[in-house]
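Chemist: Need coordinates for the following:
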Amino acid sequence: MTLTPSEQLAADAQAICAAMTAARSSLVERELIAEVVALCAVAGEHVLVVGPPGTAKSAAVRSAAAHLGGTYFEYLIGRFTEPNEIFGPVDLRRLRDGVMAYETAGMLPAAEIAFLDEIFTGSTAILNALLGLLNERVFRRGATVLASPLRVCVGAANTLPDDPALAAFADRFLARVHVHPVSDAGLEELLERGWDSTGEQVGGSVLPAVDRLAAAARRCTLGEVRPLLATALRRMREAGIGLSDRRAVRTQRLIAAAAALDGRQVAGPADLWVLPLVAPTEQDQAQAREVLADLLKLSASSTLGHAAEEYSRGPLARAERLAGAGHRLLAQLDGAEPTRDDRLRLEAMLREIDAGFPADEVPDVLRDVRGRLVGLVAP
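Modeler: All right, here's what the predicted structure looks like:
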C-alpha cells in the first residue's frame, strides 16, 4: 500500500521514535545525547558533547548510532594521531603511477555516522581536513575527491577550547550537549544497567527514514516561526550569548528537523525547544532558557521528548514525554492484569505525572493516559 506524503512523514517519525526509545533503554541520564544525535542527523548538522572523562559520552553515541543504523566510524584522537588514521592510508597502487590518492574504505570519509573523541587534540592537518568534510560532506585530499555519506558527526571533549582557532573550528558543531556524572538519584539504575549489560539487540537500519525526514525538513515551512526566532536571537544577543551569523541562520535547520520529527511540514512554537542547544556554553544555555522562557513554554516533541523537556523546561514538553512513556507502559501490559511489579511501575508513573501537574491542570495529551493508569492501580 502506497502511503500519502503525510502518512509517510508520520511513519518515519514513528520509526525514529521507536529507535530512540530502544537507544535510551541502555542509558542512564544520557538520553539527551542520543536524541540530539537523531535531531542533527535529520538537520544535517553536527553535535559537540562536552563533559568530564568517564561520563558515558561514547556509550550514548554508540547506542544512538547502533539504533539509527548505517556505517559507523569512531576514533579517539590524540596529539600524535596521523591524518591517515582517520581519513585512510595512501593508495599504494596509484602511488606507483605517481598519483597521491587515499583508500577511504572503512574510514571517516565513508561513514554515515561518526564519533571523534577528544576532537580538539587533533593536529592542524586533521582539523583542516575535517572542516571541508563537515561543511560540504566532501573529502578532498591529494587526488582523492569523495562525496561523503556522512549524516552527522559527533565530537567530544572534556572542556571547550580557549584557543580562538579551535573555537572557530568548534563553531562548526551547531548543537552542544553538556554532561555531568550521573546524579545520586540515578546511581542504583547506573549500577544495575552497568552490571547487566550484555550488548544491545538492534533491529534494522532506520537511516532511510532519517533521509526522508531530512528531505521533509528541507521543505519545511518556517514563515510562522521565523519572527519568533528573530525575537529569540535578539534576546540571546542582548543577554551576551555569542552567536555568529552562521549559527543564527543554521538554527533554522534544527527547528525544521524538530518539526519533521514531530510529523509536521510546518514549523511552529512547539519546535523552538532547540534554541538553547545552539548556545555555546553550559552557562549560556541556562541563560537562554531563562530569557526565552515565554517563547519555550509551548515547546513539545512526541519523538524527542527528553530533549524537548530538558531544553525548554516547558510543561507541554514534559506532558508529551510522560504521555509517551505512559502509552509504552500500557502497551507492554497489553490488557493483561498487572502483576505486583507492574503495579509499582504504574504507581511510579502516576507519581511523576502528579508531581508535575495539579489534578485540575493535566494537559489534554496526558489526561487519558493518567485515567487509564489510575484504572489499573485502583483497588
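Chemist: all contacts plus neighbour counts: C-alpha atoms, from now on.
Modeler: Noted.
Chemist: Now do the residue nearest to residue 81 when sequence neighbours are not counted against residue 108, distance only.
Modeler: On the basis of C-alpha to C-alpha, 6 or more residues apart in numbering, the spatially nearest residue to residue 81 that is not a chain neighbour turns out to be residue 122, at 6.9 Å. Noted for residue 122: a distance of 14 Å to residue 108, by C-alpha to C-alpha, to the nearest Å.
Chemist: circling back to that earlier point, any figure for the gap between the residue nearest to residue 81 and residue 329?
Modeler: With C-alpha to C-alpha as the criterion, residue 122 and residue 329 are 45 Å apart.
Chemist: who has more neighbours, those two?
Modeler: The residue with the greater number of neighbours, taking residue 122 and residue 329 and applying other C-alpha atoms under 10 Å, is residue 122; the counts read 22 against 17.
Chemist: what pLDDT does the more buried one get?
Modeler: The predicted local distance difference test score for residue 122 is 93.
Chemist: contacting residues around it?
Modeler: The neighbours of residue 122, taking C-alpha atoms under 8 Å, 6 or more residues apart in numbering as the test, are 77-81.
Chemist: mind running it again at 7 Å?
Modeler: The neighbours of residue 122, taking C-alpha atoms under 7 Å, 6 or more residues apart in numbering as the test, are 77-79, 81.
Chemist: Quick check: chain neighbours aside, which residue is closest to residue 204?
Modeler: Taking C-alpha to C-alpha, 6+ apart as the measure, residue 204 lies nearest to residue 69, with 6.8 Å between them; neighbours along the chain are not counted.
Chemist: Quick one: neighbours of that neighbour, just the number.
Modeler: Taking other C-alpha under 10 Å as the neighbour definition, residue 69 ends up with a count of 19.
Chemist: Hmm, residue 215 and residue 43 touching each other?
Modeler: No. The pair residue 43 and residue 215 fails to qualify as a contact (C-alpha atoms under 7 Å) at a distance of 9.2 Å.
Chemist: more neighbours, these two?
Modeler: Neighbour totals were compared for residue 43 and residue 215, and residue 43 leads with 29 against 15 (other C-alpha under 10 Å).
Chemist: what pLDDT does the more buried one get?
Modeler: With respect to pLDDT, residue 43 has a value of 97.
Chemist: Poorly predicted segments of the chain, please.
Modeler: Applying pLDDT under 70 to the chain flags residues 185, 197-203, 379.
Chemist: Show me the domain layout of it.
Modeler: Per automatic domain parsing, the structural domains of the chain span 5-188, 221-313, 316-377.
Chemist: So which of those domains is nearest residue 208?
Modeler: Comparison of those against residue 208 by C-alpha to C-alpha identifies domain 5-188 as nearest, at 8.6 Å.
Chemist: thinking residue 70 is in contact with residue 205, fair?
Modeler: Yes. Here residue 70 lies in contact with residue 205, judged by C-alpha under 7 Å, at a distance of 6.3 Å.
Chemist: Report the separation between residue 196 and residue 82.
Modeler: Per C-alpha to C-alpha, residue 196 is found 37 Å from residue 82.
Chemist: which one of these two has more residues nearby?
Modeler: When residue 196 and residue 82 are compared for neighbours, residue 82 comes out ahead with 16 against 9, by other C-alpha under 10 Å.
Chemist: Nearest spatial neighbour of that one, chain-adjacent residues omitted?
Modeler: Using C-alpha to C-alpha, 6+ apart, the nearest residue to residue 82 is residue 126, at 7.6 Å.
Chemist: from what I can see the one you found touches residue 83, true?
Modeler: Yes. Because the distance of 5.4 Å satisfies C-alpha under 7 Å, residue 126 is recorded as touching residue 83.
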